[in-house]
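Asks: Here is my input, please return the structure:
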Amino acid sequence: MSDFDSRLTLVETALKENTDLTRDTADKTAKLATDITAMLEVFDTLQAGFKVLAALGNLAKWLAPIVTLGAAIWAIAHGKMPRWEE
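Replies: Numbers count the residues shown, from 1 in each chain. The predicted structure follows:
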């Protein structure tokens, strides 16, 4: 085998190894993109959930004084505290 043939064989081997590594990298990149997309969907869902919780918190912030005032008026009108176990 000549020097040229041995060098050509080395180049072909290196090229094949490089091609295999490139395919592996492409597969891993595609899987990573899929995983990132799934994570972004989870984050979007969590963000929507936190918006709902914020809305409920704002509702409670406005509703709590109204309920407290109603309970105070009821207590003054009846002369006693309301009994919740009835």
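
Asks: tell me what the helix or strand hosting residue 75 is packed against?
Replies: Taking DSSP states H and E as the criterion, residue 75 maps to helix 3-78. Applying 3 or more Cβ pairs under 8 Å, 6 or more residues apart in numbering; DSSP states H and E, one finds that helix 3-78 makes contact with no other helix or strand. No exception for glycine: its C-beta is placed from N, CA and C like everyone else's.

Asks: Now do it: distance to the chain's middle.
Replies: 3 Å (Cα atoms, centre = their mean, to the nearest Å).

Asks: pLDDT weak spots in the protein?
Replies: Along the chain, the model assigns pLDDT under 70 to residues 1, 80-82, 86.

Asks: Any idea which residue is closest to the centre of it?
Replies: residue 43 (2.3 Å; Cα atoms, centre = their mean).

Asks: any idea how far it lies from residue 57?
Replies: 20 Å (Cβ to Cβ, to the nearest Å).
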